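# Build me a model:
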Amino acid sequence: MMDQDPLFLWRLAPDLTIEDAAILIAGGDPSAMDPGPDLDGEYVKRTFRHPGFTPAFSALKAAIRKGQLKAKLCYSLERLSVHEVEHWRGPNCWIVSSGDLGRVLEVLDDDPFADVKATTNPLGGKDCARILREPDWSRSVVDVEDLKAWMELRGFTTGFFFPPREGSTDDFLDEAHDHFAPELALAVSAWRALANKRTFIGGVKAVIKEWIASHPGAWKGEGTLSDNAKDRVATVINWKQEGGAPKTGA
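Numbers count the residues shown, from 1 in each chain. The predicted model follows:
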């Protein structure tokens, strides 16, 4: 299997750093390394040099900041002496006194400083800690299942996180296939995107149509998707066709 898919073992990970997730979404290998900037023989992890990494990385960070994608965030923390505080004070960081640092750690549900407690506990006197406001994306992690659900809602159901199922292919999604049917492809994409959704305000069919309207890129047919075509697709997908007054959930 490794000979056929060098990324195969990455599928074992239950969670991934935000950097690694972006690399895999872009089709790269998180194990890839490049010579360091100082050319002193040291190698650094390849990130921005992966084609497609930048937009994938930006999308993940934006989704996390907006609360659309749950993540466990870690922050960079550095010890400062009293003489260094004014030099480093600024809008991109918090300055926390050694006495207050313990209380900061106590109120956090997920402790982003767990791996640096050993170095911060000895702080005493007037020493402080500098905490960068920007999360450390190389250590912050996202659950793979949460990531896949978010990608499906965005209409992305191919690539590393969605390998073809053994014994079946997605030829019907291939625009180059002689028998490509754009309404079928749209129906499959919409069904997959809504597969994990449990609340359908206004009814299932209404939510399906709303998803189609908000994801115009999912339509691969020629010309504009007609209202009749939207209705046909929504009718085919609709698994709750008994009618009746819409409920808050379906």
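
# what's the nearest residue to Thr157 if we skip its chain neighbours?
Once flanking residues are discounted, Thr157 sits nearest to Arg192: 4.9 Å by Cβ to Cβ, 6 or more residues apart in numbering. Yep, even glycine has a C-beta here, placed from its N, CA and C like the rest.

# So the one you found versus Pro216, what's the distance?
Distance, Arg192 to Pro216, by Cβ to Cβ, to the nearest Å: 17 Å.

# More neighbours: the two, which one.
Per other Cβ atoms under 10 Å, whichever of Arg192 and Pro216 has more neighbours is Arg192, with 16 against 10.

# do you know how far the residue nearest to Thr157 is from Val204?
The value you get for Arg192 to Val204, if Cβ to Cβ is used, is 15 Å.

# ditto for Val144
For Val144, the distance to Val204 - Cβ to Cβ - is 27 Å.

# next one: Gly41
Gly41 is 60 Å from Val204, by Cβ to Cβ.

# Comparing those two, which shows the higher neighbour count?
Of the pair Gly41 and Val204, Val204 is the one with more neighbours under other Cβ under 10 Å, namely 19 against 7.

# Got phi/psi on Asp34?
Asp34 adopts backbone torsions of phi -130, psi 160, taken as degrees, to the nearest 10.

# Quickly list what it is bridged to.
Assessed by DSSP bridges, Asp34 has beta-bridge partners Val44.

# For it, list the residues it contacts.
Tyr43, Val44, Lys45, Arg46, Arg49 (Cβ atoms under 8 Å, 6 or more residues apart in numbering).

# Can you give me the distance of it to Gly28?
12 Å.

# repeat for Trp219
On the measure of Cβ to Cβ, Trp219 and Gly28 end up 28 Å apart.

# Same question for Asn196.
26 Å.

# neighbour-wise, which of the two wins?
Neighbour tally, Asn196 and Gly28, criterion other Cβ under 10 Å: the higher count belongs to Gly28, 21 against 12.

# doesn't Phe53 make contact with that one?
Yes. Applying Cβ atoms under 8 Å, one finds Gly28 in contact with Phe53, separated by 6.5 Å.

# returning to that earlier point: in CSV: the contacts of Asp34, plus neighbour count.
Shown next, in CSV, are the contacts of Asp34 (neighbours: other Cβ atoms under 10 Å):
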residue, neighbour count
Tyr43, 10
Val44, 11
Lys45, 14
Arg46, 16
Arg49, 10
